[in-house]
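In: dropping a prediction and its sequence here:
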Amino acid sequence: MGLPAGYREYVTTFGPGTLCTFLIVRMPGQLRCPDRCDELARMRLADAATDFDNVARLNAAEYDCAKVFAYASAEAPIWFSTPTQGVRLFEYAEGRTCEIENGFIGLVERCTVGQEHDFPFFEPNNGRRRMRQLYIRPGVGRTGFADALARRWGRDTVRCSRNSPDDLHPTYFVSAIEAYIELSLGPKQGIPSDSFFVRASYDVDSEVDFSAFVEPLLLPGGGPYESLGEPFWFG
């Protein structure tokens, strides 16, 4: 079957990983070897041909031979193509099938706009990422945390993808250590009201540097919880 429009360019540019914490594109090797994603997709597409909202007008045979090329981090929607439809890319979610205009180029535009970040960003899955979950002590706050990042690595290396002051999930990037840091500022049970939760992902070679930075900011008993591999919040 033909590859969906823009798929080849996407995988050769980015490789495995997650775009804007949302879009996960399956690599060529994953397409050749069926896995859990294929099984879930088969279950979801099994009755799609009879759905009342089949805008793409695909028939049962086309759904049956569909190949999933991408999915959301929450495993829905899914994006697929079929051998009979050439380079066209389709979306299936909550019983509705529609076509994504301009293939993967259009899909990337939709995902980045829909996530409402100030700029697109990509978290690689390259085997070199250290993931940590932390609780920051009271009295630091969002502004204090961002200022601490700037003091440690330089203000010109720190960028925030959500700058709205009332945003409860701002995402910071520190280019000096290839860090992706998501703050969760909403209320949490069992911790002081002025404390907050942090998810951090960074290059393994920056472990010592990041540990030295975050240690004075931690809530007692609030970290670090760490793992090595694909971030748990990605699909």
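Out: Yep, it's here. Numbers count the residues shown, from 1 in each chain.
In: what pLDDT does residue 59 get?
Out: If you check residue 59, the pLDDT there is 83.
In: which phi and psi does it have?
Out: Main-chain torsions, residue 59, degrees, to the nearest 10: phi -100, psi 170.
In: just the one 3 residues further on next, same as before
Out: Torsion angles at residue 62 (phi, psi; degrees, to the nearest 10) stand at phi -70, psi -40.
In: verify the stated contact: it with residue 81.
Out: No - the pair residue 62 / residue 81 is not scored as a contact, 9.7 Å apart, by Cβ atoms under 8 Å. Bear in mind the C-beta positions are built from the backbone N, C-alpha and C, glycine included.
In: what about the two, which has more around it?
Out: Between residue 62 and residue 81, counted using other Cβ atoms under 10 Å, the more crowded position is residue 81 (24 against 21).
In: beta partners of that one?
Out: Beta-bridge pairing of residue 81 under DSSP bridges involves residue 67.
In: pLDDT score assigned to it?
Out: Residue 81 carries a pLDDT value of 92.
In: now the helices for this protein?
Out: Counting by DSSP state H, the chain has helices at residues 7-14, 28-32, 36-45, 60-64, 103-114, 141-153, 207-214.
In: mean pLDDT lowest where, among those?
Out: Among these, helix 36-45 scores lowest, at a mean of 69.
In: what bridges to the closest residue in space to residue 188 that isn't next to it in sequence?
Out: Nearest-residue entry for residue 188: residue 197, 6.1 Å, with adjacent residues in sequence omitted and distances by Cβ to Cβ, 6 or more residues apart in numbering. For residue 197, the beta-bridge assignment (DSSP bridges) gives partners residue 135, residue 184.
In: since we're on residue 197, how many residues are nearby?
Out: By other Cβ under 10 Å, the residues close to residue 197 number 18.
In: residues contacting it?
Out: By Cβ atoms under 8 Å, 6 or more residues apart in numbering, the contact set of residue 197 is 133-136, 183-184, 188.
In: give me that answer again for 10 Å
Out: 133-136, 182-186, 188, 191, 219, 222-223 (Cβ atoms under 10 Å, 6 or more residues apart in numbering).
In: same check on residue 25?
Out: Neighbour list for residue 25: 7, 10-11, 14-19, 69-71, 79, 104, 107-108 [criterion: Cβ under 10 Å, 6+ apart].
In: let's see that with 8 Å instead.
Out: 7, 10-11, 14, 19, 69-70, 104.
In: one more: residue 217?
Out: Contacts of residue 217 (Cβ under 8 Å, 6+ apart): 136-137, 140, 145, 148.
In: let's go with 7 Å and repeat that
Out: Residue 217 makes contacts with 136-137, 140, 148, as judged by Cβ atoms under 7 Å, 6 or more residues apart in numbering.
In: farthest pair in these?
Out: 137 and 148 (11.8 Å; Cβ to Cβ).
In: for the residue lying closest to residue 214 once chain neighbours are set aside, grab the count of nearby residues.
Out: Leaving aside its chain neighbours, residue 214 sits nearest to residue 134 (6.2 Å; criterion: Cβ to Cβ, 6+ apart). By other Cβ under 10 Å, 20 other residues sit near residue 134.
In: thinking again about what came up before, biggest separation within the contacts of residue 197, which pair?
Out: Taking Cβ to Cβ, no two of the contacts of residue 197 sit farther apart than 186 and 223, at 17.9 Å.
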